[in-house]
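[1] Next input, structure requested:
(one chain, ligands or ions: 1)
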Amino acid sequence: MEDFSGFYKLSAEERLAKVKKSANLTDEEAAVLMDSGALKMDRADKMVENVIGAVHLPLGLATHFVVNGKAMVIPMAVEESSVIAAACKAAKQTLPDGFKAEADESIMIGQIQLTAVDDATKAVKNISLNRKEIMAIATQLMKPHERFGCGARDFQARILETPRGSMVIVDFYIAVGDAQGANMVNTVLEGVAPTLAKVTGAKVRLRIISNLAVKRRARASAVWKKDVIGEETVEGVLDASEFARNDVYRCATHNKGIMNGIDAVALATGNDWRSVEAGAHSYASLGQYHPLTHYYKNEKGDLVGSIELPLAVATVGPAMNTSPTAKIALKIMGVRSSRELAMAMACVGLANNFAALAALSTEGIQKGHMKLHARNIAIFAGADAEEAEKVAEIISAERNFDPEHAKEVLKRVRKG
Ligand code: MEV
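    Coordinates of the predicted model:
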């Protein structure tokens, strides 16, 4: 792995040249990135309906990540400044050990809703009596995907009492390999539903995947040594974490900070970030809405952080094939499976959360934020990487972030 220290000091072109070398990108792949990953009209038109253009986001790289001993650079697509820098800083502070991570097998839950049930207990019993036939249909429908380790694993029927009467909900557990799984799961559900209707006499309503992917969770942890981050930060993060655990208003923002990182990787890799969001927040709501991360101080006084959440993300599928940059992003990361991707995303979520809590509980986030903001304004004013540092310093000291002022300052810097 290339040495990515000082990556942020390079120009965008130099960064691209570096990542081209380290990730073995082809000239064509580098050209796509150079063109800002431009999603051409004809391609966009094949992805969704009524296309009139495309929206672009900056794609950056989070550096300094070591996940289970493997060094990685992680692409992040996000419009908010500081998010990538925060992930890099937090990851650097875990070195040399980095993060430990793991992910479950990719099992998704699909739900069939049966309504107009005369006798719900009897309906559940009849489903159970016909288990073999139902599983055989599901297994058959998953046959084309079996060679990728996919398959219908099990199902379970339960009664749901509602103001509209008793319903029977049948939850299917389906292994979807490296795909997100919605198409596979929904196909199976629509395929088995008529048999469920036949054996229960009930009416079939919804047949759809659940985004609360509790059987597809990823976990990550890291140690931030007190000698590296300081005792004040250790205590600050613990206080901040307790605030989120005991106050839902804070907890929402706490989890938002986690999703800053996770969504950015989801976007960069062509994944459905809405399903990731739905999964994360519904998981956080199990029991009482709670933080997705957890912190404690170990016997040495170091801070140990961990995260757990459902991450139904894919390394194969339609979006990966149509998005011009998703495959390149996955290549840069060097992940070979959806589980590896989920693990990396969990690490980024934890890193972003730690960085936010560390900053918020000590000096606040505005200082770092305004520094980056000033640098962006300097670049917007026409400064190159070296000039930007000087211009940013001056406009920050003068507390004047007007782009016109930045242009004046740039002129002064150039005159020496
Ligand atoms: C801003 O995008 C994210 C933070 O608000 C997260 C947090 O408060 O923990 C800084």
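
[2] Pull the number of nearby residues for whatever residue of the chain ends up closest to the ligand.
    Proximity of the chain to the ligand (CB to the nearest ligand atom) peaks at Gly257, 2.7 Å away. Glycine gets a C-beta too; all of them are placed from N, C-alpha and C. Gly257: 23 surrounding residues under other CB atoms under 10 Å.

[3] Same check on Glu14?
    Counted with other CB under 10 Å, Glu14 comes out at 12.

[4] Tell me which helix or strand it sits in.
    helix 12-22 (DSSP states H and E).

[5] could you dump that helix to CSV, C-alpha only?
    Taking only C-alpha atoms (Å, rounded to 0.1, in the frame of the first residue of the first chain), the coordinates of helix 12-22 have been written out as CSV:
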residue,chain,number,x,y,z
ALA,A,12,-6.4,16.9,-6.9
GLU,A,13,-4.5,15.8,-10.0
GLU,A,14,-1.5,14.6,-7.9
ARG,A,15,-3.9,12.7,-5.6
LEU,A,16,-5.5,11.0,-8.5
ALA,A,17,-2.1,10.0,-9.9
LYS,A,18,-1.2,8.5,-6.6
VAL,A,19,-4.4,6.5,-6.2
LYS,A,20,-4.1,5.4,-9.9
LYS,A,21,-0.8,3.8,-9.1
SER,A,22,-1.7,2.3,-5.7
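
[6] tell me which strands and helices the helix or strand just after it is in contact with?
    Sequence-wise, the next helix or strand downstream of helix 12-22 (DSSP H and E) is helix 27-34. Judged by 3 or more CB pairs under 8 Å, 6 or more residues apart in numbering; DSSP states H and E, the packing partners of helix 27-34 are helix 12-22, helix 326-333.

[7] which residues touch the spatially most central residue of the chain?
    The centroid of the chain falls nearest to Ile262 when counting by CA atoms, centre = their mean (2.6 Å). Contacts here follow CB atoms under 8 Å, 6 or more residues apart in numbering; on that basis Ile262 touches 276, 280, 309, 311, 345-346, 348-349, 352.

[8] Turn these into JSON lines, including distance to Phe172, pLDDT and neighbour count.
    Shown next, in JSON lines, are the contacts of Ile262 (distance: CB to CB, whole Å; pLDDT from 0 to 100; neighbours: other CB atoms under 10 Å):
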{"residue": "Val276", "distance to Phe172": "21", "pLDDT": "98", "neighbour count": "26"}
{"residue": "Ala280", "distance to Phe172": "22", "pLDDT": "98", "neighbour count": "24"}
{"residue": "Leu309", "distance to Phe172": "22", "pLDDT": "98", "neighbour count": "28"}
{"residue": "Leu311", "distance to Phe172": "20", "pLDDT": "98", "neighbour count": "31"}
{"residue": "Met345", "distance to Phe172": "25", "pLDDT": "98", "neighbour count": "30"}
{"residue": "Ala346", "distance to Phe172": "25", "pLDDT": "98", "neighbour count": "31"}
{"residue": "Val348", "distance to Phe172": "31", "pLDDT": "98", "neighbour count": "31"}
{"residue": "Gly349", "distance to Phe172": "28", "pLDDT": "98", "neighbour count": "29"}
{"residue": "Asn352", "distance to Phe172": "34", "pLDDT": "98", "neighbour count": "28"}
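
[9] With secondary structure added, can I get the residues you listed in TSV?
    Listed next are these as TSV, based on DSSP: H, G, I helix; E, B strand; the rest coil:
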residue	secondary structure
Val276	helix
Ala280	helix
Leu309	strand
Leu311	coil
Met345	helix
Ala346	helix
Val348	helix
Gly349	helix
Asn352	helix
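
[10] So Leu16 sits against Leu33, correct?
    Yes - the pair Leu16 / Leu33 is scored as a contact, 5.7 Å apart, by CB atoms under 8 Å.
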